[in-house]
Each structure stands twice: as C-alpha cells, then as structure tokens.
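Q: Turn this into a structure:
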Amino acid sequence: MLKLVARVLLRTAGWRAEGGRPVPDRYVLIAAPHTSNWDFVWLLAFAAYYEVRMQFLMKHTLFRGPFGWALRKLGGVPVRRERRGNLVDAMAQVFDDPRPLALVIPAEGTRGYAPHWKSGFYHIARQAQVPIVMSFLDYSRKVGGFGPAFEPKGDVRADMDEIRAFYADKKGKYPELQGDIRLKEEM
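A: Down below sits the predicted model:
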C-alpha cells in the first residue's frame, strides 16, 4: 500500500525513479544533494517506492512536540549535535545487529552551503565494515533513486573520487547551496 501511495505522489509531482533497489541489506546511505527540506519528503517517497526501510539521523530538536513520534516511526534517530561524543562509534555499533539496515546520512550535514562534506558516513561504513550506497535527488531532471554500492577501501581520496564521479551531474533544488564534494581530510 505504501509503495502505491509513493508511486502516485511521485508521479503527480512529476518525479520518476532511476536505478534499482540497493542490493546489500546493510549499508550506510548517502543522501545528497541536500539543499531543501523537500529532500526529506522525496527521499521518504523513493524509499517507500523501492521498499527500503531506513533509519536516519536528525537534530534532536525536530523530535519535540507532535511530530516526534512520527519521525521515530519513520526511522528517525535524534542526535544532539552540540554534545561531543563518538557518534561514529555509536552508529557503527548499530550494525552489530544482523537485521537489515539502511542508515541514512546527509553527508553535507546541512541544507545550506558547506565548504566540505561531513566524514561521518565514511567512517561509520569503514568501522562497521558495510558498503556505502549513494542515493540521489536530481531536481534538474526530477529523477531520484539509488546508485551503486561500494566498499570504502580506506584511501579517502580514491573513495571520494568514486563518490564525486557519481554525483557530478546531480543538482539539488538550490544548486547554489551545494558545496564541494570532499571531506576535510582531503584538504
């Protein structure tokens, strides 16, 4: 039923799916580009269309009030960004559970311009020894979906070159807010 609703919503809004459902059943999912609140809506719609059950990190303040229960039901995990703790370790440990898991990380870390991506997605995948799957929303073509899965090898620049190549032609709702696809470690 949810897949049908997603299909109708996407078609009505003029979006179409490209690519297939991710093959692995446990992976870190890059959500990019991320320049608008609408990205979350379309990501959820494509996830329902492809029948992908996701968990995603969001700032804890969004879980207050009447929407908190709904966000948790959709797979939301509240994160306190101001607290210094080892989020990478905590998220990598989530993969100790053998059940299927698609952990969504918006690599840009914000909807606004950022000079580089946050590296958490990369380090979580490496530590948990799971692949990275690249999801996308290309507003210029109104196409979304999932790209290939790959195992990060530990050569940050080479791994990021693969990610850069995939996202090179993908445009967010507000392309001027897209920063460079690179990690701080590469600078």
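Q: Quick one: residues contacting the most centrally placed residue in the chain.
A: Centroid-nearest residue in the chain, with Cα atoms, centre = their mean: Ala31, separated by 2.5 Å. When contacts are counted by Cβ atoms under 8 Å, 6 or more residues apart in numbering, Ala31 touches 39, 43, 56, 104-107, 135. (Glycine included, C-beta is placed from N, CA and C.)
Q: Drop anything exposed from the residues you listed.
A: 39, 43, 56, 104-107, 135 (16 or more other Cβ atoms under 10 Å).
Q: Show me how far stretch 48-66 is from its chain's centre.
A: Put simply, stretch 48-66 sits 11 Å off its chain's centre (Cα atoms, centre = their mean, to the nearest Å).
Q: List the buried residues of it.
A: 48-50, 52, 54-58, 60, 63.
Q: just stretch 19-36 next, same as before
A: 19, 22, 26-36.
Q: Which of the residues you listed fall within helices?
A: Among these, no residue falls in helices (DSSP state H).
Q: about what we covered before: just give me the closest of the buried residues of stretch 48-66 to Asp159.
A: Leu57 (20.8 Å; Cβ to Cβ).
Q: mind listing what the closest one touches?
A: 76-77, 79, 91, 103-105.
Q: one more time with 6 Å
A: 77, 79 (Cβ atoms under 6 Å, 6 or more residues apart in numbering).
Q: For the strand or helix carrying it, what does the pLDDT average out to?
A: Here Leu57 sits within strand 54-59, counting by DSSP states H and E. For strand 54-59, the mean per-residue pLDDT is 86.
Q: distance between whichever helix or strand comes after that strand and the chain's centre?
A: Scanning forward in sequence from strand 54-59 by DSSP H and E, the next helix or strand is helix 68-74. Chain-centre distance of helix 68-74: 17 Å, with Cα atoms, centre = their mean.
Q: Touching helix 68-74 from outside, list them.
A: By Cβ under 6 Å, 6+ apart, helix 68-74 touches Phe63.
Q: Now do the buried residues in that helix.
A: For helix 68-74, using 16+ other Cβ under 10 Å, the buried residues are 71, 74.
Q: What are the boundaries of the strands in the chain?
A: In the chain, the strands defined using DSSP state E lie at 16-18, 26-32, 54-59, 76-79, 101-105, 132-138, 143-150.
Q: what's the neighbour count on Ala158?
A: By other Cβ atoms under 10 Å, the residues close to Ala158 number 10.
Q: ok so, going back, make CSV out of the strands of the chain and add distance to Asp180.
A: Putting the strands of the chain into CSV (distance: least, Cβ to Cβ, whole Å) gives the following:
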stretch, distance to Asp180
strand 16-18, 24
strand 26-32, 12
strand 54-59, 22
strand 76-79, 24
strand 101-105, 17
strand 132-138, 16
strand 143-150, 19
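Q: out of those strands, nearest to Arg7?
A: strand 16-18 (8.6 Å).
Q: Alright, that wraps it up for me.
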